[in-house]
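**Q** Okay, structure incoming, though there's no sequence with it:
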C-alpha cells in the first residue's frame with residue numbers, strides 16, 4: 001500500500017440484471033463504501049447500477065474512470081453467458097480479451113483437468129495487462145486494469161478478496177467522524193445545521209438522519225472530516241446550538 005495522498009475518490013459500478021429486477025438485494029455497496037472510507041480514506045463519490053449489457057458497461061466504466069481515482073465493479077465475472085464484465089471492460093479500454101496465464105493455472109489447479117470445463121475457463125479471460133486480485137474463497141480471481149477493479153458479485157467472496165486489493169490502492173487522508181443524537185425533529189434544527197455547514201463547508205460534511213427508537217423521535221447528526229481540529233470545532237458549534245434550543249443530547253462522541 002502506497003503513501004497517503006489528500007483526496008482520493010472511487011466510483012462503484014454494480015453490474016447485473018438480478019439487482020435491477022429486485023430479485024437480489026445488493027450488499028456490496030455499503031460494505032465497499034465503509035471499507036474504502038474507514039480503512040483507506042477513499043471517498044465513494046458515486047454509485048451506479050447497470051444491466052448485463054455491453055454498451056452500458058462500457059459507457060459507465062469509461063465515465064467513472066475519468067471522474068475518479070478508482071472504479072470498483074461488482075458482478076459479471078462468473079462462468080455463465082451473462083457474465084460479460086471482463087469482455088466489456090476489454091472493449092472499453094481497447095484491450096485484447098484473452099486468457100490470463102496465471103489465472104488459468106490457478107483455476108486449473110483448483111478444479112483439476114477433468115472438471116476444468118469451458119465455462120470455468122472463461123473466468124480466466126480478462127483484458128491483457130490485468131493485475132490479479134486473488135480469491136481465497138473460490139479461486140476465481142478478480143482483476144485490475146488501469147484504474148478499474150473488477151470484483152465478484154457474491155458478497156462473501158468479495159469480502160474475502162479486499163485485503164488482496166490493498167496493494168493496488170493509494171490511500172487518501174484519514175476520514176474522522178463524530179456523532180450527536182438529540183430528541184427532536186429535523187425541521188427544528190435544519191437552520192442551525194445549515195449555518196454550521198456553511199461555516200465549515202470547506203472542511204466538514206454534516207448529515208442528519210431521523211430515527212424512531214423506543215417510542216421516541218430523534219435525529220442523529222453525523223459530521224465527517226479529514227481535518228480533526230475542524231471536526232471538533234464543528235462538533236462544539238452544533239452542541240452549543242442544540243443546548244441553546246434546550247434540546248436533550250442523549251448521545252455524543
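**A** Nice, thanks for sending it over. What you are looking at is a predicted structure, and each value in this text was computed from that prediction instead of being measured.
**Q** Tell me, what's the model's pLDDT at the closest residue to residue 56 other than its chain neighbours?
**A** Spatially, and ignoring its direct neighbours in sequence, residue 56 is nearest to residue 50 (4.4 Å; CB to CB, 6 or more residues apart in numbering). Placement of C-beta: from N, CA and C, glycine included. pLDDT recorded at residue 50 is 98.
**Q** cool, and residue 5?
**A** 51.
**Q** got it, and residue 26?
**A** Here the pLDDT value assigned to residue 26 is 96.
**Q** Now do the strands in the stretch 101-250 of the chain.
**A** Here the stretch 101-250 of the chain has its strands, by DSSP state E, counting those that start in this stretch, at 125-127, 131-135, 139-145, 148-151, 176-182, 205-213, 216-225, 249-252.
**Q** Export those strands to a markdown table and append columns for mean pLDDT.
**A** Below are the strands of the stretch 101-250 of the chain laid out as a markdown table (pLDDT from 0 to 100):
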| stretch | mean pLDDT |
| --- | --- |
| strand 125-127 | 98 |
| strand 131-135 | 98 |
| strand 139-145 | 98 |
| strand 148-151 | 98 |
| strand 176-182 | 93 |
| strand 205-213 | 91 |
| strand 216-225 | 92 |
| strand 249-252 | 65 |
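**Q** State the number of residues packed around the residue nearest to residue 56.
**A** The local packing of residue 50 (other CB atoms under 10 Å) involves 23 other residues.
**Q** List the contacts of it.
**A** 13, 14, 15, 56, 57, 60 (CB atoms under 8 Å, 6 or more residues apart in numbering).
**Q** Would you mind finding the most buried of the strands of the stretch 101-250 of the chain?
**A** A comparison of the strands of the stretch 101-250 of the chain by mean neighbour count, using mean count of other CB atoms under 10 Å, puts strand 148-151 on top with a mean of 26.
**Q** Alright, I will stop here.
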